[in-house]
Every structure is written in C-alpha cells, then in structure tokens.
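Undergrad: any chance you could fold what I've pasted below:
(one chain, ligands or ions: 1)
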Amino acid sequence: MDNTLYYGDNLNILRHKVKDESIDLIYLDPPFNSKTDYNILFKEPTGELSKSQIMAFEDTWHWSEESEKAFEEILMSHSEVAEMMRAFREFLKDNDVMAYLTMMCVRLLELQRVLKTTGSIYLHCDPTASHYLKILMDAIFGKKNFKNEIIWHYRKWPSGKRQFQRNHDIVLFYAKSDSADRIFKQIDFMERTESTLKRFGKSKIVSGHDENGNRLPSQVEDVESLGVPRDDVWDIGRVPPIKQLFPTQKPQQLLSRIIRASSNEGDVILDPFCGCGTTIVEAQNLKRIWQGIDITFLSISLIKKRLKDIYNVTAPKDYQIFGEPTDLPGALALKDINKHQFQWWAVSLVDGIPYKGGKKGADTGIDGYIYFADEEKYKKAIISVKSGHVGVKDIRELNDVVDREKAEIGVFITLESSTEPMRKEAIGKGFYYSTKLNKNFPKIQILTIEELFDNRRPNIPQVVSMYKKAEKSVDQGMLI
Ligand SMILES: C[S@@+](CC[C@H](N)C(=O)[O-])C[C@H]1O[C@@H](n2cnc3c(N)ncnc32)[C@H](O)[C@@H]1O
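TA: The predicted structure is shown next:
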C-alpha cells in the first residue's frame, strides 16, 4: 500500500477505496458537534496574523434527508448497532445530536470493516458527545474490546463561566478483537510519586497474578527501574492558537504516543478526518505508511505543504493524491461540484495562501496571496482565480486591486483560455523591477489552468514558505 492523501467525503472513500482488514491503526478526530464555525487564520511573513480568514469547516449538524438515508442503511445492515441507534432516536428524536451520531455511525461501521483483526482504533472526542460515542463504539467494536478512555488534559484561558473550566478531551481506544498479536508497546514511563520514592527508593515494585488470576503480594526488586508505566491521563500542551496552521490542530506529541504504542514501523495508519495532517506528519516521521482523508481542499493543500517543508516529500514521487484534478475535465468537474474548492485548489497550484476577506465574504477581487522576499523585504503578489467567462475587464480590475493593495504583482488564473486583447492589456501594465536581482517581472501575469498542468508557474522572485518547519521529532524520550 502506498502513502495516499484523499480529497473527498470519507464515507465514499472508505466504501470505494479502502479494502477490508487493510489498516493497522486508525486515529480519527471528527468535528465534535460544537456548533462552531472554524476559521483558518493565516500569518504574514512577519509572524503577525493576516486579515485573510477562511471558514475551514462548519461544525453544526441538522437532521436531514441524508441523515434519514444513513439511518435506514444502519437499520438494514447491523443488528446490535441498529438496536442501539433505534434506542438513541427514540430518546433524542430527530435533533442535531442524532444527526451527528448517525453521520458518525455509518463511518465507524466502515472503519470497523477496514481495520485488521490485530488493529486498534483511537476516537478523539470531547464531552459534548463522548458519552454517546462510547455507547456507539461498544455496539460497533464490542464492549470487551474497549481498552482505554484516555484523558488528554491541557490548559487554556479561563472562560469565566459558573462552572469548572473544561480542560480535557477524551480519546476512546478500542481493539478490533482480542487477538494476541495486537500491538501494544509500553513506550514510556512516568516519574514515581514522592511517597513511593520515599518508601521504596529507586527499586522496582513487581506485582503479578498466579495461574488462577489471584493477585500476588507485591515484591520489591532491588534494581533501578524506569518509573511507572504511562497511565491514561496525558498532560500535553495544546498547539497555541497563534501557532496553529489549522483550527482544532492537535499536538504532534499526542499522535506520536498513539502511533508508537499501537503500531510498528511499516504499519498502515489511517486518519479519515485528517485536518492539517498531524497524524500524517507524525506517521511519516515514524516511518509508518499513511492514508489521510479530508473533505476540504484547504486541508489537502496544507498537508502537501507541510510534507514538502518538513521532509521534502512530494506527490507523485513519494505519495499519491486522489481526488485532485489532474487534467482539464477534472478541473471543470471540481468547479461544478464546488467553486470554493476549485479556487483553493488553483491557489495551491501556485503555492499561494488562500484568502476570503471582506464583509460576509464579499468579493474583494483577491483569492490568494504569494509572498516573496526581495530587497530585504517581504512583498506580495495577488492571485485572482476565475472559473467562468473572462475578458479584458478582469485584467484591468486585477491591476486596480494590485495598486490598491500596494502589491507588486498580480497573477490571473483562468480556467477558460485567455484572449489576445487580454494578453495585450496585461503586457501594457508594465513590470515590477527588482533592483537586487536587476530584473524585470511582468506586473500582470496570466496563467491558464491548462498551462499550470504543463508546469508553467508565475514568474516571481524567490518565494517564501508560510508554513514553519515543525520539529521533526517529538516525545521520543523515556520520561516526559
Ligand atoms: C477536528 S478537524 C481534524 C484536525 C486534525 N486532527 C489536525 O490535527 O489537524 C476535522 C476535519 O474533518 C474534516 N471533515 C469533516 N467532515 C468530513 C468528511 N465527511 N470526510 C472527510 N473529512 C471531513 C474537516 O474538513 C476537518 O478538517
């Protein structure tokens, strides 16, 4: 199996692309039904948060025709799960929680199918729905296969509500079966408490059971030990919002622990809600084979950039991307399905960062930026993407936006071919002159999607990466 990034709805992709019992470890961090819109905040090269903001995903669910269809599928296929879902519906009625659970249930059934009998699954959730999800997981994976409810504890700014601050998420860990070949490695150890240290020093306390399962009295071995095996409460700092590439980004350390505990090098790891790719990046680091799925092109393009910036890993040399247009009909199809996804994809082709600004997303004429370093300063090019009919007017408008925004260059990306008058108009707008390079760069540059497929790119001085090189390796020590 090759490393693969899938763009699309994970239900479709799981059903059509992922084989039965082919995955060793699944980590999933679905939206939590938090009724929040998650925005992406991009950073200027100086580190300041930029004005550009994009809604990455909406975490609100409603009972719909789709929920009804999924619910019927569940009723028809799996008896115990169907019973549970029927009971949930009777209790919850057709509300948003029920819609969320139905969406999760059909996906968890697919995840159960694709997991190997020796595999493990970690479901990340928060107290909004974790109690329902645990019942669902019991029904799908079996109560006896429940292993841990991991509490991920972190700190954040107090909210000032009249209750205790909510400072944890829950990760439900289940095995697929009771197979003796399931991998579980005690990968690290915690410090002993002071009282234990006082009583036993650094000796090892050994406890065990006899053949009948009766507990034997603890014995003290006079050897220096590694500490106490890690338990199910993990104190790991959150990725601070200012450092996040993506809302809800999880810390690499969390994924490192899960992957090292429940897989070996070369095993296959799947993240069906992969966001900005924390699982993917850590799996790559730990030499696992990875499969990531996300429904937005923003995620796919962020992951592509992270892999390139950190490991110099690129597609199609090192991994496959599925669902990304590879030819003109594919680009047309993407535009027809979703204009925003088309724009984000087009912006990612020229290594730009997407932009959706203005009041209520009003059209500012800007779809993205490319920052570049020249004359010891950061400068910018503005990207405008058009998927419909284009003409000279669009070139004039882009030129005006470049002047208004005090940018140096305008990159015009069009799905339709450009015309002779458009090209003439662009040439007429002159050049950006770099004194450092002693070179002229056309101020307005037109690129068709077809030309981009032919590997033509904007002619811009040295481009700056907006994605910081993350630390390659985290949480490798024994005592953390
Ligand atoms: C909570 S975020 C995951 C964050 C991720 N763990 C990280 O560290 O970046 C949830 C992700 O699920 C994606 N998503 C939501 N519904 C999906 C679906 N049906 N199929 C695939 N991805 C989906 C969203 O686009 C979002 O990126």
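
Undergrad: contacts and neighbour counts: CA atoms only from here.
TA: Fine.

Undergrad: check the gap between His62 and Thr102 for me.
TA: 11 Å (Cα to Cα, to the nearest Å).

Undergrad: of these two, which one has the most company?
TA: Thr102 (25 against 14; other Cα atoms under 10 Å).

Undergrad: so which strand or helix has the more buried one?
TA: helix 96-114 (DSSP states H and E).

Undergrad: over to Pro461?
TA: In this assignment (DSSP H and E), Pro461 forms part of neither any helix nor any strand.

Undergrad: for the residue lying closest to it once chain neighbours are set aside, which three-state class applies?
TA: Nearest residue to Pro461, sequence neighbours excluded (Cα to Cα, 6 or more residues apart in numbering): Phe372, at 6.3 Å. Recorded secondary structure, Phe372: strand (DSSP: H, G, I helix; E, B strand; the rest coil).

Undergrad: could you do His340 as well?
TA: helix.

Undergrad: please parse the chain into its domains.
TA: The chain breaks down by automatic domain parsing into domains covering 4-186+230-322, 189-229, 328-453.

Undergrad: I'd like the ones you listed laid out as TSV, including mean pLDDT and distance to Ile460.
TA: Formatted as TSV, the domains of the chain follow (pLDDT from 0 to 100; distance: least, Cα to Cα, whole Å):
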stretch	mean pLDDT	distance to Ile460
domain 4-186+230-322	89	16
domain 189-229	68	51
domain 328-453	90	7
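
Undergrad: out of those, nearest to the ligand?
TA: The closest of the domains of the chain to the ligand is domain 4-186+230-322. By Cα to the nearest ligand atom, the value is 3.3 Å.

Undergrad: contacts only, for the residue positioned nearest the centre of the chain.
TA: Among the residues of the chain, the one closest to the centroid is Gly275, at 1.6 Å (Cα atoms, centre = their mean). For Gly275, the contact set (Cα atoms under 8 Å, 6 or more residues apart in numbering) comprises 246, 249, 294, 299-300.

Undergrad: mind running it again at 6 Å?
TA: Ser299 (Cα atoms under 6 Å, 6 or more residues apart in numbering).

Undergrad: each with direction, which strands does the particular helix or strand that has Asp24 in it pair with?
TA: Assigned by DSSP H and E, Asp24 falls within strand 23-28. Applying DSSP bridges to the sheet, strand 23-28 is found paired with strand 115-125 (parallel), strand 268-271 (parallel).

Undergrad: which of these sits most buried?
TA: strand 268-271 (a mean of 26; mean count of other Cα atoms under 10 Å).

Undergrad: that one near the ligand at all?
TA: No. Applying Cα under 6 Å from any ligand atom, one finds strand 268-271 out of contact with the ligand, separated by at least 8.1 Å.

Undergrad: what about the next helix or strand after that strand, near the ligand?
TA: Following strand 268-271 in sequence order, the next helix or strand is helix 278-285 (DSSP H and E). Yes. Residues of helix 278-285 contacting the ligand under Cα under 6 Å from any ligand atom: Thr278.

Undergrad: right, and the helix or strand after helix 278-285?
TA: Per DSSP H and E, helix 278-285 leads on to strand 289-294 as the next helix or strand towards the C-terminus.

Undergrad: who are the packing partners of that next one?
TA: Identification of packing neighbours for strand 289-294 by 3 or more Cα pairs under 6 Å, 6 or more residues apart in numbering; DSSP states H and E yields strand 4-7, strand 268-271.

Undergrad: repeat that for 8 Å
TA: Packing contacts for strand 289-294, counted by 3 or more Cα pairs under 8 Å, 6 or more residues apart in numbering; DSSP states H and E, involve strand 4-7, helix 10-17, strand 268-271, helix 278-285.
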